[in-house]
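Undergrad: The amino acid sequence is not available; the structure is as follows:
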Ligand code: URA
């Protein structure tokens, strides 16, 4: 995977819009076959923080925007708790197509394979080049794999600012969907607050409010 921020071509907002159009026709791996559309990142560029999730889910695949389903609602809650405005941040995913398999009438999420994450790093590299974030937030294991070029344990990497393969300070946290999955109210609240604390850490490190 392409590495350091310094190796990436400089991109402004117009350049990124052209890249997003190219990504709409992406066939770099096979995931485009079953997905409705490419879901590219969104937000201002440059941006002090760049948030990276896993891949679009069912709702995002329909809407064509990242984090608009149940995980997105948790992300919005955590951002609010952290005192951050989503519209001021660049939000994207490591993989831009929804990977799923059918179960009855439902489309069930499948974790992307390493080859799919690597293929999609092409687009993430360009989003990083345009956003030039002070800090990246890696949400969940797939984002960690993409940003560090290797698998890593959230528990081990969390709580301190790490350096990702871009050479940019990176805060590792849980994926918001992990909060959605918690059934017990207190546990869910605690994990939401921990996610918000990680976002606050990222914002402080970036010199943004939060
Ligand atoms: N999960 C993700 O990782 N990204 C989204 O956009 C939605 C759900």
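TA: Nice, I can see it. Keep in mind that what you see is a predicted model, and the values were worked out from it rather than measured.
Undergrad: pretty sure residue 144 contacts residue 172?
TA: Yes - the criterion here is CB atoms under 8 Å, and residue 144 meets it with residue 172 at 5.9 Å. Backbone N, C-alpha and C define where each C-beta goes, glycine included.
Undergrad: shared neighbours, those two?
TA: 138, 152, 154, 157 (CB atoms under 8 Å, 6 or more residues apart in numbering).
Undergrad: Check the gap between the second one and residue 140 for me.
TA: Translated: residue 152. 11 Å (CB to CB, to the nearest Å).
Undergrad: These two: which has the busier surroundings?
TA: residue 140 (23 against 17; other CB atoms under 10 Å).
Undergrad: which helices and strands does the lengthiest helix in the chain pack with?
TA: Ranked by residue count under DSSP state H, the longest helix found in the chain is helix 185-206. Packing partners of helix 185-206 (3 or more CB pairs under 8 Å, 6 or more residues apart in numbering; DSSP states H and E): strand 49-53, helix 70-81, strand 135-139, strand 161-163, strand 169-173, helix 176-181.
Undergrad: backbone phi and psi for residue 101, please?
TA: phi -130, psi 150 (degrees, to the nearest 10).
Undergrad: looking at the helices and strands packed on helix 185-206, which is closest to the ligand?
TA: Of all the helices and strands packed on helix 185-206, strand 49-53 sits nearest to the ligand, with 2.9 Å by CB to the nearest ligand atom.
Undergrad: Give me the next element, helix or strand, following the closest one.
TA: Counting by DSSP states H and E, the next helix or strand C-terminal to strand 49-53 is helix 58-63.
Undergrad: wait, does the strand or helix carrying residue 102 make contact with the ligand?
TA: Element membership for residue 102, per DSSP H and E: strand 100-103. No - with CB under 6 Å from any ligand atom as the criterion, the ligand is not reached by strand 100-103; the gap is at least 11.8 Å.
Undergrad: residues making contact with that strand?
TA: 34, 58, 107, 108, 109, 110.
Undergrad: So the third one: helix, strand or coil?
TA: The reference is to residue 107. Recorded secondary structure, residue 107: strand (DSSP: H, G, I helix; E, B strand; the rest coil).
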